[in-house]
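Asker: Coordinates for the following, if possible.
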Amino acid sequence: MKKIICSVCARGGSKGVPGKNTRLMLGVPLIQHTLRHAVASGIFTAIVASSDSEEILACAAEIPGVETLLRPADLASDTA
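Answerer: The predicted model follows:
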């Protein structure tokens, strides 16, 4: 059986739209829309949300079936 991992990388330090991943869209944080669609697709063995932001990871952790991974700041820069 193949393992298919979905990696959703969401940086906390957006310059263009600060806080975009936790901003509400239709009453739901933007990151949760992405993760809900990944879960609903049913094709992934694992779904991992990676971020340097505890706030983003807290939003991601609310979605059943999503694992979270805290990234160090040096791996979440403009040039990483």
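Asker: Check which residues of stretch 69-80 are buried.
Answerer: 71, 76 (16 or more other CB atoms under 10 Å). C-betas here are computed from N, CA, C, even on glycine.
Asker: Also stretch 7-15?
Answerer: In terms of neighbour count (16+ other CB under 10 Å), stretch 7-15 has its buried residues at 8, 10, 11, 12.
Asker: so what's the third one up against?
Answerer: In this case it means residue 11. 21, 51, 52, 53, 76 (CB atoms under 8 Å, 6 or more residues apart in numbering).
Asker: So which of those is the closest to residue 60?
Answerer: Distances from residue 60 to the contacts of residue 11, taken as CB to CB, are shortest for residue 51 (7.3 Å).
Asker: For the closest one, which non-adjacent residue is spatially closest?
Answerer: The shortest distance from residue 51 to any non-neighbouring residue, by CB to CB, 6 or more residues apart in numbering, is to residue 10 (4.6 Å).
Asker: And for residue 78?
Answerer: Closest to residue 78 by CB to CB, 6+ apart is residue 15, at 7.7 Å.
Asker: quick one: the one you found is in a helix?
Answerer: No. Per DSSP: H, G, I helix; E, B strand; the rest coil, residue 15 lies outside any helix segment and is coil.
Asker: returning to that earlier point: which among the buried residues of stretch 7-15 gets closest to residue 38?
Answerer: Nearest to residue 38 among the buried residues of stretch 7-15: residue 8, at 6.8 Å, using CB to CB.
Asker: where's the closest one relative to residue 45, distance?
Answerer: 14 Å (CB to CB, to the nearest Å).
Asker: What segments of the chain are helices?
Answerer: With DSSP state H, the ranges of helices along the chain come out as 30-41, 54-61.
Asker: Comparing the ones you listed, which stretch has the densest surroundings?
Answerer: When the helices of the chain are scored by mean count of other CB atoms under 10 Å, the highest mean neighbour count falls to helix 54-61 (a mean of 18).
Asker: That one - what's its average pLDDT?
Answerer: Averaged across helix 54-61, pLDDT comes to 97.
Asker: could you give the angle of it to helix 30-41?
Answerer: 30 degrees (axes from the mean of the first three to the mean of the last three CA atoms, to 10 degrees).
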